[in-house]
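> Return atomic coordinates for the entry below.
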Amino acid sequence: MLRTRVPLLALAGSLAWCLGGSAAVGQPRPPAADGPRSVTPAPPTEPGAAATPVRRPQLDELFARLAASKDADEAKGIATLIDRRLERSGSDTADLLLQRSEEALKGQDAALAVELLDRVTQLRPDWAEAWNRRAAAFYQLDDPDRAIMDLREALSREPRHFHAWAALGHVEMASGDKGRALAAYRRALKIHPHLPDIGKMVDRLAPEIDGRDL
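The predicted structure follows:
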């Protein structure tokens, strides 16, 4: 599946994108021996729950401020406000399921997280954060191909999701595709110019990748 495998634990600290950097993705956990985990049934879907989440006018302003931020401290505060908005779906049910999936990921139960997030993506298919979180769960399950697919789904819904761009760079890097990794890292930095450690990754990869065509 992977051309050049980088141990997942080596990327654990970097692949904390699913929680906006609040927790690291851990080592993959095999399925339980006693069969599939049961999941508490979700509350009934609210009327109109499958509709596209309402676009918050403030989000555009926040992204503009983030791109123009002068230093890491300023950027961190703005990024936190963005994260809070991206983490709201407009559906209490979807928000609750996302919270449960976060707890499952923190408990190293990625299989349960995927089950929960499957429901969230059905309930709110246009919610970028749901796809972003499920990508983290798939990566924890050692399925980078599915992780990449979900990251691209997230980015198709919110192209400014800098956590998803950074995560895509990490997964491509683990797969041995440094060119794609560099492109993803650069997209992340264009949105969030002070994203921790991503600038270092670009500085490290750029001389190698940009010099190939010389």
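> gap between residue 117 and residue 140?
Computed as C-beta to C-beta, to the nearest Å, the residue 117 to residue 140 distance reads 12 Å. (Glycine included, C-beta is placed from N, CA and C.)
> Among these two, which residue is more densely surrounded?
The residue with more neighbours, out of residue 117 and residue 140 and counting by other C-beta atoms under 10 Å, is residue 117; that gives 31 against 26.
> Skipping adjacent residues, who's closest to the more buried one in space?
Counting by C-beta to C-beta, 6 or more residues apart in numbering, residue 134 is the residue found nearest to residue 117 once chain neighbours are left out, at 4.0 Å.
> again with residue 69
Closest residue to residue 69 apart from its sequence neighbours, by C-beta to C-beta, 6+ apart: residue 75 at 3.9 Å.
> That neighbour: which element?
Here residue 75, judged by DSSP states H and E, is contained in helix 72-86.
> Just give the number of residues close to residue 84.
11.
> so what's it scoring on pLDDT?
Note on residue 84: pLDDT of 95.
> and it, how far is that from residue 202?
Counting by C-beta to C-beta, the separation of residue 84 from residue 202 is 27 Å.
> contacting residues for residue 118?
Residue 118 is in contact with residue 134, counting by C-beta atoms under 8 Å, 6 or more residues apart in numbering.
> check which helix or strand covers it.
Here residue 118, judged by DSSP H and E, is contained in helix 110-123.
> Please name every helix or strand in contact with whichever helix or strand comes after that helix.
Past helix 110-123, further along toward the C-terminus, the next helix or strand under DSSP H and E is helix 128-140. Packed against helix 128-140, as judged by 3 or more C-beta pairs under 8 Å, 6 or more residues apart in numbering; DSSP states H and E, are the following elements: helix 92-106, helix 110-123, helix 144-157, helix 162-174.
> buried sites along the longest one?
Neighbour counts using 16 or more other C-beta atoms under 10 Å place 93, 94, 95, 97, 98, 100, 101, 102, 104, 105 of helix 92-106 among the buried residues.
> For the most centrally placed residue in the chain, give its distance to residue 200.
In the chain, the C-alpha closest to the average C-alpha coordinate belongs to residue 132, at a distance of 3.6 Å (C-alpha atoms, centre = their mean). Computed as C-beta to C-beta, the residue 132 to residue 200 distance reads 23 Å.
> pLDDT weak spots in the protein?
Per-residue confidence for the chain (pLDDT under 70) gives these ranges: 1-57, 212-214.
> what's the burial count for residue 109?
The local packing of residue 109 (other C-beta under 10 Å) involves 19 other residues.
> same thing with residue 193?
Counted with other C-beta under 10 Å, residue 193 comes out at 18.
> secondary structure element for it?
Since the elements are taken from DSSP H and E, residue 193 ends up inside neither a helix nor a strand.
> coming back round to it: give me the nearest residue to the residue nearest to the centre of the chain, chain neighbours excluded.
Of all residues beyond its chain neighbours, the one nearest residue 132 is residue 154 (4.2 Å), with distances taken as C-beta to C-beta, 6+ apart.
> ok, the one you found - contacts?
128, 129, 131, 132, 135, 161, 164.
> again with residue 69
75, 78, 193, 194.
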